[in-house]
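S.K.: I would like the atomic coordinates for the input below:
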Amino acid sequence: MLLRLNIADNRPLHEQVAGAIRRAIAEGECGPGDRLPSARDLSQALGVNVNTVLRGLRGLRDEGLLEFRRGRGVTVAEGAGQRSTMLDRVRELVGDAAHLGYSKADLIEMIRELA
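M.R.: Numbering: from 1, shown residues only. Alright, predicted model coming up:
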């Protein structure tokens, strides 16, 4: 898995780390059950602090894309590819809605009307 960070990107480093891993999952570089390199190895490869990597990994775990297993390390969760794609679409929708002046509550109401 080849990850790179963009130093010109204004987003916090932990979000860039999470985004790079999310992109690798979405593009099929790593699939469900695949084990990720250790946080220490990732931090050395990316040139960032290990705590920055861990923060990004925890965010992906909270999104349901990664699983932390004692003794097995961090693995890609089952169905992570589809979930990653869906989360990207939702982020885009929320961004577009905010640009048009809609709140998250407005979006939730619109979704309820469609369901």
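
S.K.: Could you use CA atoms for every contact and neighbour count after this?
M.R.: Noted.

S.K.: hmm, which helix or strand of the protein has the shakiest average pLDDT?
M.R.: Sorting the helices and strands of the chain by mean pLDDT, DSSP states H and E puts helix 80-99 at the bottom, at a mean of 84.

S.K.: Pull the residues that contact that helix.
M.R.: Helix 80-99 has contacts (C-alpha atoms under 8 Å, 6 or more residues apart in numbering) with 22, 25-28, 31-32, 64-66, 103-104, 107.

S.K.: Helix or strand: which one has residue 33?
M.R.: Secondary structure from DSSP states H and E places residue 33 outside every helix and strand.

S.K.: Quick check, pLDDT for it.
M.R.: Looking at residue 33, its pLDDT reads 91.

S.K.: show me what contacts it?
M.R.: So residue 33 contacts 75, 76, 77, 78 (C-alpha under 8 Å, 6+ apart).

S.K.: one more time with 10 Å
M.R.: 66, 67, 74, 75, 76, 77, 78, 79, 80 (C-alpha atoms under 10 Å, 6 or more residues apart in numbering).

S.K.: how close does the first one get to residue 24?
M.R.: Residue 66 sits 12 Å away from residue 24, taking C-alpha to C-alpha, to the nearest Å as the criterion.

S.K.: ok, the two, which is more surrounded?
M.R.: residue 66 (26 against 17; other C-alpha atoms under 10 Å).

S.K.: who does the more buried one bridge with?
M.R.: Residue 66 forms beta bridges with residue 76, as assigned by DSSP bridges.

S.K.: ok, it to residue 45 distance?
M.R.: Distance from residue 66 to residue 45, by C-alpha to C-alpha: 20 Å.
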